[in-house]
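[1] Would you be able to build a 3D model of this:
(chains A and B)
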Amino acid sequence: MKQIFTFLAVLIIATAPAQEIKRYEWDAKPVFQEIPEQYKNEQAVVLFDKRWVHTRVGAYAFATFNMNHFAVKINTADAINKYNKVRAEDNGYIRTVRDFHARIVKPTGEIKVLKPESIVETEVDKVKSIVFEGVEPGDILEYYFILKENPTSSSVEIFQKEIPVLNAEFSITKEGVEFNVSKHELFTTSREGSKMIYKASDLKPYKEEKNSKNVKNIVKLIYNIHVSGQDNAQWTSFMPMVYKKPSFNYFKKNQAKAFITNLHLENLSTDEKVKKLDLYVKENFDFVWKGEKAKKITNLSAGKQKLAASDVFDLYGFVLRELKIPYEVVICVDRFYGDTDSFRHVNPLPHEVMYFIPETKKFITPYEKYLSYGYPMYELQTSKGVSYNPTAKGTNVFGIDFPVAPADYTLSQTVNTVTLSEDFSSATIDKKFSTTGYLGQIDRYYSKQIKENEEEKDVIDYLKNRTIKDVDVKILDYSYENKDFKDNYTNTPFVINLKLETKETITENAGNLLLVNLGKVIGKQNNLYQENERFSDVDLLYNKSYSHKIVLNIPEGYEVESYKDLVIDRTMDYDSNKTCWFKSNVKVEGNQLIVEVDEKYQSLTYPKESYQEYRKVVNAAADFAKAALILKRKQ
Amino acid sequence: MKKLLLFFLCSLPLFAQDKTKIIYTKETVFIKADKGLSIETVTQEKRHIPKSKEFEDYTVRIPYNNFNEISDVKGYTLLLKNQKKINLSAAYVSTNEIKREDIFHSDFKFKHFVFPQVEDNSIVEYSYRNKFKEPRLVSQFNFQDRVLTEKAILRIVCDPAVEIGYKLLGENQDKISFTQTTEEGRNVYTWEAKDLEAFKAEDRMISRMHYLPHVIYFVKNYKTETGTNELMGTVDNLYKWYVSLTKNINTKDQTELKSKTLELIKDKSSELEKAKVIFQWVQKNLHYVAFEYGMGGFIPRDAVDVFSKKYGDCKDMANLINEMMHHAGLQSNLTWIGTREKPYAYADVPSPIVDNHMIASALINGRRYYFDATDRYCEFGYPSQMIQGKEALVGISETEYRIEKVPAVSPSENKSSISFNLTLGESDLSGSVTSEISGINKSDLLNQLSMYNSQETEIWKSVITRSNPKIDLSITTSHRNEYADLAARAEYALSLKDWVKNLNGKMLFKPMAIYPFSDAGVDDEKRKFGIDLRSTDDFQITYHYSIPKEYKVEFLPENFTFENELGKMAFTYKFEPGIVKVTQSVVLKKIDFGRNEFQSWNDFIKKLNKNYNQSIVFSK
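    Model (predicted):
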C-alpha cells in the first residue's frame, strides 16, 4: 500500500505541469493593453501572442501540449480577411485538439463567443479551423487552442509580423526532457516555478529589405529538445560522435588508400597535396542526389562517378589523416540565418561543415561543388564558428573566426568595344566578360552545368542575362576561356568572349546631336532609388570589385559634344579601409572614346546609419547605366 | 542472342534521349446504365525515366475530392539494365489534403506515391480506378504533359443506352485521331494523340487550357426501363441542374436582411443607385472565405447566414447580393460564369466544367450589370478583371436563362491620367505630379494597398516610378476614393536629378519621364503562347515644363501618332516662350493577344520606345 501511495505521489508531481497547461483558460472578462498612438493607423495590432509548450517524455509519456493564445485588434476592414481565420495547427503531428475557443470582443465590451459547431475539421489531418463571424473594424479577435501532439526535436517560433505585436510570450514546461532556447535579443527571460517564460514587447512591423539578414533579424525563438541526460548536440559530444573517424558506406578503406596512391602526392607541399586532392574530387565526383541510388564504388580513381555526399566528405578527412596533414572539422551557421551557438548545434539553422587546414589557413568545402580549396563559403565570412581537431587529445573543440576575402578577390570585369551600324539602327559589341573570386567560381560552375545539361537556347538566355541584361541583343558568337576547375586555385578569371549585335538602336537623335546610350553596355545595375529608408544594416554576400572598359568607335562624320554624363565620382563617406565607391572617367583617343569604370565594396557590412552614403554609390552605378554620350555632326 | 541484339537496337532510339517521356498514357472511361448510371475510369501510364534524379518525374499525385473514389492504385518500377521489376507497395500510397491559401475548407485531396527504387534508365508504370459518384461531374482528358508524350489515348466505352457528348479543344488537334466503333455491343469512342512535345507554361500567358489539347466529355442522357434520363449535353440540362441546386437555398427568415436593404436604399431613387449601394455594402462588409466541400462547392449558403456571419465565397456573396436586390425591387439574377482560366463557351461545353465562379447580375435600364463582390474594390458597373469577355449564364427563372457575354472594360474606363508640372533647373527637374487611376487599374491599386498595407507609400509611388525608378517622389496627398465615382488620386512632389544635360550653353532633356509598356516586347522567336494583358489601358500623360525665359527651342521632336489593331499612341510637343507642353497618350485596346499578333505588338512597342527616347534641345 505504501508503494502505491508513493507511486501515486510521484505521478501527481510528474503530471502537474501537464495538468496546468491542459487547464489553461482565457480571462472571462479580458483586459487588453491600449494601442499606442504610433500604431493607431495600422490595419491591425496584435495585442498579445502567447504560446506555451509542454513536452513530456518518459517510460509511459511521449507528448507535447501546445497552447496558442492570441488577440488582435482590427482597425480597418482590409485587415479582417487576414486575421478572421484560425487553424489549430502547429507542427503537423496533431493527435488531439483538446481545446479550441474563439471570441469577438466588440468595442462596446460585448463578448461574442463562437459556437463550437462552427468548427470544421479536415478529413485526413484532422486539423480544426474556425472563421470569426460578423467581424467589423474595431473588434478584437481572440482565440486559444491546446493541441496534443507528437513531440518534435526542434521548432522555430516567429513572433514578428507585418503588423505590430504589443506583447509576445513564450513559455516552456517539461518532464523528462531539456529545452535549449536561442532567442532574439528583444526577449527577456524569467521563471515562475518550473515554467520558463520569455517575453518581448513592442515588436515593430516586419519589413524585408534588400541585402539584409532578413531571416536572422526577424524576432523569433528557436528551441531544441533532448531527453534529459542525453544531450548529444553539445559540440563537445556532437563533434567527436560525428567526425572523430572518417568512415565510408560505399567503398572500403583499402580503396581509399589506393585512391591516395593514385593521386601521386609524394614530394608535394601540404598546399599542393590538398589542391591536387580537391581538384580530383571536384572534377570527378558528383553527389548522389535525391532520387538517385548510391552504388558500391569499385575504383575511386576511375574518373567521373557518383558518390554519397557523406562519403565524399569523409574521403577528404581520411586522406588528410593518412597523409598526416593536420586538419580541423569546422562548422558555422550561414550568417544570413543566424549565429553559431558556441556550445551546441541548433536545429534547424543551416550549419555548414568543412575542413580547415591550419598550416595553410585554407578551407576545404566538400559539400560546395563550385568552391575550391581556399576561402570558406561566402555566407560564413566574418562569422564565428566551431572547430574540432579529431586527432588532438584533451580539449579539442575551439572557436574559429572565419576570414573575409578582400574586394579585389572577387572582381567582375568587362571590356567592350562598341561599333554603331552605319544608320545607327543597331550596334555590334565585342565583349569580354570575366569574373574572379566567388563570382568567378560560381560562373565557372554554372556555365558548365548549363552547357552540359540544358539546351542551347537556355545557354543563350543565361549568357544574355549574365552579361548584358536590359539590352535586347543577338549573340553572334561566344566562347569561354579558363573554364576548368583548376583555374579556381590561381584565381584565374573565368572569361566569356561575346560578339553581340543589338536588336534595337542604342542611339537617339536630337536635331544634329546623336545620343549614344553607352552606359547600358555594362549590363543591368541594381539601384536603390526608391529605397529611402533603412531599418537594418546592409549585408553583402562578399566584398567585390567591378572594372569596366568601354571603347566606342566614333562614327565617321561625328565628334564628341559631351561625355559629362559618363563621368561619375562617388565615394561613401566612411572608414577608408571599408568604404565603397563608383568612379568613371572618359578620354578620347583618335576616333575612339574610352570609358573606364572602377567600382568597389570593401566591407561586407555597412551600418544602417550610413545607409544614405552607401545608397549614393549603388545609385551611381545605376546612373551610369542610364548615361548617354552626346555626339554631334562635324561641321 | 539475335533477338537480344534486335531488342537492344530497337531500344536505342527509344531511350536515346536523357529526358523523361511518357511512353503512353491511357484513360478508359466505362459508362454503364444497367442499374442506374455508373461511371468509372481506368488510368494507365508508362514512363521512361532516364535520370533518376528527376524525382518529380516519377512522383505521382492523383487529385480527387468527395465526388470521386480512387482505388486499385498499382504500379511498378522496371530497371532496364537487369529487367528487375519492383512493385509499388500499397503502404506507400498516401492520402493527403490539398492546402490552398485561397480556400479555407475543402475536400480536395490527392493520392501520392513515389515509384520504388528508380535508377537511371528505368520504366515506371501505374494504374488506378476512379469512380465518379456524381455523373454530371465527369472530367476531361489532357493529351499533353510537362514531359514529352509519345502516345496519349482516351477511350470512352459506353452502353448503347447512354448518349455522350464531347468536345476536342486546344491546339495540336491535327495530331489527334478519332474513331468511333462498336465493341461487344457497346459504343467506343477513341482519341489517340502521338508525339506531343513537353508543355512549358510561359509567363503572362493566356489560359493554358486555350493551348493544351484536351477532350471534355459528358453524359447527355441514359435510358432505363422507366424512360430517358437527361443529364448534360444541353445548356437547358445544365441550367436545370443548377436550378435544382439553388432553388431551396434561402429558407431562413429574411426580415433583418430586408430591413438592412431598405435602410441602404432609403434615399436612393433610381435602380442604379439602389444596385450600387447594395453591391458596395456587400463589397465593404463581406469577407471572402471559401468553402469547397462536397456540394457546398456548388450550393450557395442561405443569404441570412451569410449576412450575419459577414463572410462567404463567390456564390455566397452572389446569393446575398441577389436577395438584397430582390428586396430592393431590382431584376437581379444568380449568374454562373467561368473565369478567364476557362476558355469555354456554353454551346461547346454544356457541362459544369465550363463554370468555376458565381456572381449576381441585374438588368437595369435595359443594360445588364455584373456584380462580383469577390473583388473587394471592383468599380460599380464594371465586371471584375477575371470575368471580362466571358459568357455568363444568367438564371432568369426556374425555367428561363440567358447566355450573355460580359464585356471587357473599355480603355477609356481604365484610364490613368498623369500630369506633370515641372521646372527645368541647371541639371534637375523639379515640380509636382498628379495621378488619377480608374477602372480595373484602380481596383488593382486598391487591392494592392489593402494587401500590403505596410508598403502603402511604395505602392502609391510605384504608380509613377514603375518605369522610371530614378524619379524621387514624396507624397503630398493620396485619396483611395474607395466606393466613390472618383479615380484613386495622388499628388506628389517630384525631383529628377541629372535629367537635364548642359552642353555649352545648350540644354537637352528627355520630355517623357515615364514609359508605360516600354519593356513589354515579346520574344517572337521563342515565345509560343499568347499574352494576357489582364485589362485594356489608357494612359493620358501631360507634361508642362517651365524653362528659363532666355532659352529658345533648337530641336523639338515631331508630333507622332500611330494606331494598329492592338493599340494607339500619340505624342505632341508644343513650345511657347518659357513653356513646353508635351502629351503622351498610350492606349491598349485588347485584354489579350495571340501569336499571330506578336509582330504587330512588337512593332507597336518599338514605335513607343522610339518616341519615349526623344529629346528636346534648347539654346540661349
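[2] Shouldn't B:Tyr382 be within a strand?
    No - per DSSP: H, G, I helix; E, B strand; the rest coil, B:Tyr382 lies outside any strand segment and is coil.
[3] where does it sit relative to B:Asp485, distance-wise?
    Per C-beta to C-beta, to the nearest Å, B:Tyr382 is found 12 Å from B:Asp485. The C-beta positions use only the backbone N, C-alpha and C, and glycine is treated the same way.
[4] the more surrounded of the two?
    B:Tyr382 (25 against 10; other C-beta atoms under 10 Å in any protein chain shown).
[5] Nearest to chain A: which residue in chain B?
    Of all residues in chain B, B:Phe555 sits closest to chain A, at 3.2 Å by C-beta to the nearest C-beta.
[6] what about that residue, how many residues close to it?
    17.
[7] what does B:Asp524 give?
    11.
[8] close enough to count as contact, it and B:Gln599?
    Yes - counting by C-beta atoms under 8 Å, B:Asp524 does reach B:Gln599; the two are 6.5 Å apart.
[9] Mean confidence (pLDDT) on stretch B:447-464, please.
    The pLDDT scores in stretch B:447-464 average 94.
[10] coming back round to it: for the residue of chain B closest to chain A, give me its contacts.
    Listed by C-beta atoms under 8 Å, 6 or more residues apart in numbering or on different chains, the contact set of B:Phe555 reads A:Ala510, A:Gly511, A:Asn512, A:Leu513, B:Ser615, B:Ile616, B:Val617.
[11] Bridged to it, which residues?
    B:Val617 (DSSP bridges).
[12] The stretch 501-620 of chain B against chain A: which residues are in contact?
    B:501-504, B:508, B:521, B:526, B:554-555, B:606, B:609, B:613-617 (C-beta under 8 Å from any C-beta of the partner chain).
[13] try 6 Å
    By C-beta under 6 Å from any C-beta of the partner chain, the residues of the stretch 501-620 of chain B that approach chain A are B:Leu503, B:Leu508, B:Phe555, B:Asn613, B:Ser615, B:Val617.
[14] which of these are buried?
    Neighbour-count burial (16 or more other C-beta atoms under 10 Å in any protein chain shown) applied to those gives B:Leu508, B:Phe555, B:Asn613, B:Ser615, B:Val617.
[15] Next one: the residue nearest to the third one when sequence neighbours are not counted from A:Ser584, what distance?
    Among residues not flanking B:Asn613 along the chain, A:Glu508 sits closest, at 4.5 Å (C-beta to C-beta, 6 or more residues apart in numbering or on different chains). Distance check for A:Glu508 against A:Ser584: by C-beta to C-beta, it reads 21 Å.
[16] Name the residue in those two with the higher neighbour count.
    Per other C-beta under 10 Å, whichever of A:Glu508 and A:Ser584 has more neighbours is A:Ser584, with 25 against 20.
[17] residues making contact with stretch B:404-420?
    B:368, B:370, B:382-383, B:387-392, B:394, B:433-441, B:535-543, B:587, B:591 (C-beta atoms under 6 Å, 6 or more residues apart in numbering or on different chains).
[18] same thing but 7 Å
    With C-beta atoms under 7 Å, 6 or more residues apart in numbering or on different chains as the test, stretch B:404-420 has contacts from B:368, B:370, B:382-383, B:387-392, B:394, B:431, B:433-441, B:464, B:513-514, B:535-544, B:587-589, B:591.
[19] Sort out for me which of the residues you listed are in strands.
    In this view, the contacts of stretch B:404-420 that belong to strands under DSSP state E are B:368, B:370, B:391-392, B:394, B:431, B:433-437, B:537-544, B:587-588.
[20] Could I have the ChimeraX command that selects the buried members from the residues you listed?
    A single ChimeraX command selects the buried members of these (16+ other C-beta under 10 Å):
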select /B:368,370,391,392,394,431,433,434,435,436,437,537,538,539,540,541,542,543,587,588
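[21] Contact residues of the stretch 251-400 of chain B facing chain A?
    For the stretch 251-400 of chain B, the residues in contact with chain A (C-beta under 7 Å from any C-beta of the partner chain) are B:Lys284, B:His287, B:Tyr288, B:Val289, B:Ser308, B:Lys309, B:Lys310, B:Tyr311.
[22] Show me these that map onto helices.
    The helices, defined by DSSP state H, take in B:Lys284, B:Ser308, B:Lys309 from these.
[23] which residues of the chain score low on pLDDT?
    Using chain A here. Counting by pLDDT under 70, chain A contains low-confidence ranges at A:1-17, A:91-92.
[24] Actually, chain B is the one I wanted.
    B:1-17.
[25] And the residues of the stretch 501-620 of chain B next to chain A, which two are furthest apart?
    Greatest spatial distance among these (C-beta to C-beta): B:Leu503 and B:Asn613, at 17.5 Å.
[26] Tell me if A:Ala18 really is in a strand.
    No - counting by three-state DSSP, A:Ala18 is not part of a strand but helix.
[27] Look up how far B:Asn82 lies from whichever residue of chain A sits closest to chain B.
    Using C-beta to the nearest C-beta, the single residue of chain A nearest to chain B is A:Gly511, 3.2 Å away. A:Gly511 sits 78 Å away from B:Asn82, going by C-beta to C-beta.
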